[in-house]
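1. Next comes the sequence, and after it the predicted model I'd like to discuss.
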2 protein chains.
Amino acid sequence: MESRWSKGKIRVFEHGPRSIKTLFHKRGLKCTPQRLAVLSILEENSRHFSVTEIHKKVKKVLPGMGLATVYRALEALVDLGLVVRVHLEDGCHNYAVAPIGHQHSIVCVGCNRVMDFAECPIRSISRKLSRQTGFTIQKHFLQLYGKCRTCQLYVSERR
Amino acid sequence: MESRWSKGKIRVFEHGPRSIKTLFHKRGLKCTPQRLAVLSILEENSRHFSVTEIHKKVKKVLPGMGLATVYRALEALVDLGLVVRVHLEDGCHNYAVAPIGHQHSIVCVGCNRVMDFAECPIRSISRKLSRQTGFTIQKHFLQLYGKCRTCQLYVSERR
DNA sequence: ATTACCTTTGAGAAAAATTCTCAATTAGAT
DNA sequence: ATCTAATTGAGAATTTTTCTCAAAGGTAAT
C-alpha cells in the first residue's frame, strides 16, 4: 500500500522544500538512517507494530541499532506527525504511519491492519458539544476496531 | 458530582437485582472491599487517575492494600463496564468511572476532569464507513481533549 | 451461625516497558 | 575539510505491569 512518502519501496520527495529531510530540519532534528529506517518499516506495512516488533525488523537493515534508539526515533516521528500511536484495547500501544491530513483509522482486530478514512465525525458536532459542556475542544482521539474483509472470511471458514 | 451508583458519598442500589454486588456475582466475581474502594475513589472524583494515584488514595481507606490488587481491581471493574481506561496523549493510561450507557467523554488537559456526553457521532457514520472500507465495525474508542471552563479562566488570568 | 469451597489478597519476585547516562559517532552548517 | 551540536549504542536504571503462592475472606449450602 502506498503512503504519502513512498511509492512501493522508492521514496519520493527526496529533495526540495517538501522532503522529509526538510521536515526534520525545520525542527532542528537530524535526518538519520535510524529514523528513516523506522519510518520505512511503518510505511511499507499498513498496519501497526509494537516497539519490539519494529526493533526486530529494523535490525535486519541496521543490525547495530538499539532498542532505545527505536523509542527515540518513534518519539521524533510522532512529534513530526509522520507516525501515530495506536491505542490497543488491552492498554498497550503500538505505532503506525500517520494518515494524510486529518483522518482517522480503523484497526483490524484480526490482523492489525490499519485503514484510514477521511470522514471526521467530530468536526460536525464540535460546536454543539462546546456549547453543551463548556469545554473548548482542542483535539480528539478516535479509533475504530473491527474486522477487515479478509479476517471476516477467515472466521466464517473456521466456524 | 453524582454518578450512577453514588449520591455524594452514600452508595445507592445497595441491594436488589441491580446492586453492584449482583453485577459482580453475575460474572462469578466477588464483591470485595478492595474493589469497592477503588470504584468509590473514581466515583467521588469526576476525573481520571493513574494506577499509582489510585493506590495512594485507596491506602488511606485500606492501608494494607497492595499495588497488584489495585491493578486486579481495575481489571475487574473495566470488565464489568463500571470503569474505563483513559488514553493520555503521552501514551500512558489512567482510569475513570465509565459513563452511563453509551456515552463518550471529554478530558480537561488542565485538571484531568472528565465530562461525559451522550452524543455518539460514530453511530451515524458507521454504516457508511462499513461500506467504504469493507470493515465490520465492532467497537470504537473516542476521546476528546480540551479545557473546562475553570481551566480556560486560569490560563487567561496568567497571560 | 457454621462449614466448605473457591476466589481474592498481600508481599515480594519477576517480567516487560520505557527512560536515562555517557562516551563515541555522525549529520549538517560553515 | 572542519567544527559543533545532536544522535547513537550499550547497558544501567526506572517505571509499569504481571506473576506466584500461602494466607485470608466472600459466598452458598448446610
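-> Alright, I've got the coordinates. Since we're looking at a predicted model, the values are computed, not measured.

2. Near chain B, which residues of chain A? Just list them.
-> A:85, A:87, A:89, A:91, A:93, A:106, A:108-109, A:115, A:117, A:119, A:121-122, A:124-125, A:128-130, A:132-149, A:152 (C-beta under 8 Å from any C-beta of the partner chain). Placement of C-beta: from N, CA and C, glycine included.

3. These in strands, which ones?
-> When DSSP state E is applied, the residues of chain A next to chain B are split such that A:85, A:87, A:93, A:106, A:108, A:115, A:117, A:136-147 fall in strands.

4. Just the buried residues out of those, in PyMOL syntax.
-> A single PyMOL command selects the buried members of these (16 or more other C-beta atoms under 10 Å in any protein chain shown):
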select buried, chain A and resi 85+87+93+106+108+115+117+137+140+141+142+143+144+145+146+147
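
5. From chain B, how far off is residue A:77?
-> Counting by C-beta to the nearest C-beta, to the nearest Å, the separation of residue A:77 from chain B is 13 Å.

6. my guess is that residue meets residue A:40, correct?
-> No: using C-beta atoms under 8 Å, residue A:77 is not in contact with residue A:40; the gap is 11.0 Å.

7. okay, the two: which has more neighbours?
-> Set side by side, residue A:77 and residue A:40 show unequal neighbour counts under other C-beta atoms under 10 Å in any protein chain shown, the larger going to residue A:77 at 24 against 19.

8. Pull the contacting residues for the residue nearest to the more buried one when sequence neighbours are not counted.
-> Nearest residue to residue A:77, sequence neighbours excluded (C-beta to C-beta, 6 or more residues apart in numbering or on different chains): residue A:83, at 3.9 Å. Residues near residue A:83 by C-beta atoms under 8 Å, 6 or more residues apart in numbering or on different chains: A:38-39, A:42, A:74, A:77, A:95-98.

9. what do you get if the cut-off is 6 Å, keeping everything else the same?
-> Applying C-beta atoms under 6 Å, 6 or more residues apart in numbering or on different chains to residue A:83 gives the contacts A:77, A:95, A:98.

10. Mind checking which of these land in strands?
-> Using DSSP E, the contacts of residue A:83 in strands are residue A:95.

11. Quick check: of the contacts of residue A:83, which lies closest to DNA strand C?
-> Taking C-beta to the nearest atom of the strand as the measure, DNA strand C sits nearest to residue A:95 out of these, at 9.6 Å.

12. who's in contact with the closest one?
-> Residue A:95 touches A:74, A:83, counting by C-beta under 6 Å, 6+ apart.

13. Please repeat the previous calculation with a cut-off of 8 Å.
-> Residues near residue A:95 by C-beta under 8 Å, 6+ apart: A:42, A:48-51, A:54, A:74, A:77-78, A:83-86.

14. Tell me which ones among the contacts of residue A:83 also neighbour DNA strand C, please.
-> The subset of the contacts of residue A:83 within reach of DNA strand C, counting by C-beta under 7 Å from any atom of the strand, is empty.

15. So among the contacts of residue A:83, where is pLDDT lowest?
-> Ranked by pLDDT, the contacts of residue A:83 bottom out at residue A:98 (93).

16. is the spatially closest residue to that residue that is not a sequence neighbour in a bridge, and if so with what?
-> In this structure, residue A:98 finds its nearest non-sequential neighbour in residue A:84, 4.6 Å apart by C-beta to C-beta, 6+ apart. Beta-bridge pairing of residue A:84 under DSSP bridges involves residue A:96.

17. check contacts around residue A:84.
-> By C-beta under 8 Å, 6+ apart, the residues touching residue A:84 are A:78, A:95-99, A:105.

18. neighbour-wise, which of those leads?
-> Most surrounded of the contacts of residue A:84: other C-beta under 10 Å gives residue A:97, at 27 neighbours.

19. Could you double-check that that residue sits in contact with residue A:82?
-> Yes: with contact defined as C-beta under 8 Å, residue A:97 counts as touching residue A:82 (6.9 Å).

20. what do those two both touch?
-> Contacts common to residue A:97 and residue A:82, judged by C-beta under 8 Å, 6+ apart, are residue A:39.

21. helices and strands of chain A: which one bottoms out on pLDDT?
-> Least confident helix or strand, chain A: strand A:10-11 with a mean of 38, by mean pLDDT, DSSP states H and E.

22. following that one, which helix or strand shows up next?
-> helix A:20-26 (DSSP states H and E).

23. helices or strands next to that next one in the packing?
-> If contacts are counted by 3 or more C-beta pairs under 8 Å, 6 or more residues apart in numbering or on different chains; DSSP states H and E, helix A:20-26 sits against helix A:33-43, helix A:67-80.
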